[in-house]
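>>> One predicted model, sequence on top.
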Amino acid sequence: MTHREASCVSLAGCRARQSRRVGNPGHVGGFTLIDILLVVAVIAILASIAVPRYQSYMARSLRVDAHAGLHIAAGELERCHTRQYHYADCAITAASPDRSYAIDYTEDADAGFIITAKTARDDGCDADLTLDGLGRRGPADCW
């Protein structure tokens, strides 16, 4: 008796062995419902982590535009002050570089000026961003 014949002592043993072979036409493969639910759960967990981080990143990148606009306006005000010795009637750029913020300033007796950046978009800040002539920035958590 050969090895093959010894392993197929019964007809059921031979059929069981044949059904484990890869590419057997009688073998049905696929994913179970549990497999699919596990994949969906893992994707949901990853998305619940990734989406808030992406939104936070977008808010921070929007604020960078305001910071640039405020610093550009401060430089323009200082150049105007060196020519006129006052901040009244100084022209500044009215928008941030990406045009996401409107930039405006008011004169201040203590600091010289206060520049304000306003936007209608959600930048993660509760108040408008400000920069004064002494370099004080507000709100602190948005810088």
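Sure, I can see it. Numbers count the residues shown, from 1 in each chain.
>>> Where does the residue nearest the centre of the chain fall, secondary structure wise?
Nearest to the centroid of the C-alpha atoms of the chain, with distances taken as C-alpha atoms, centre = their mean, sits residue 54, at 2.3 Å. Assignment of secondary structure by DSSP states H and E places residue 54 within helix 33-84.
>>> Tell me the buried residues in stretch 93-113?
For stretch 93-113, the buried set under the neighbour-count rule, 16 or more other C-beta atoms under 10 Å, comprises 96, 100-103, 105, 112-113. Heads up, the C-betas are built off the backbone N, CA and C, glycines and all.
>>> And the furthest pair within the residues you listed?
Within these, two members stand farthest from each other by C-beta to C-beta: 100 and 112, at 25.7 Å.
>>> Where does pLDDT dip in the chain?
Low-confidence segments of the chain, defined by pLDDT under 70: 1-27.
>>> at 80 instead, please
Along the chain, segments meeting pLDDT under 80 span 1-29.
>>> what residues are up against the residue lying closest to residue 73 once chain neighbours are set aside?
With C-beta to C-beta, 6 or more residues apart in numbering as the measure, residue 92 is the residue that lies nearest to residue 73, at 4.3 Å, once sequence neighbours are left out. When the contact criterion is C-beta atoms under 8 Å, 6 or more residues apart in numbering, the partners of residue 92 are 72-73, 76-77, 103, 105, 115.
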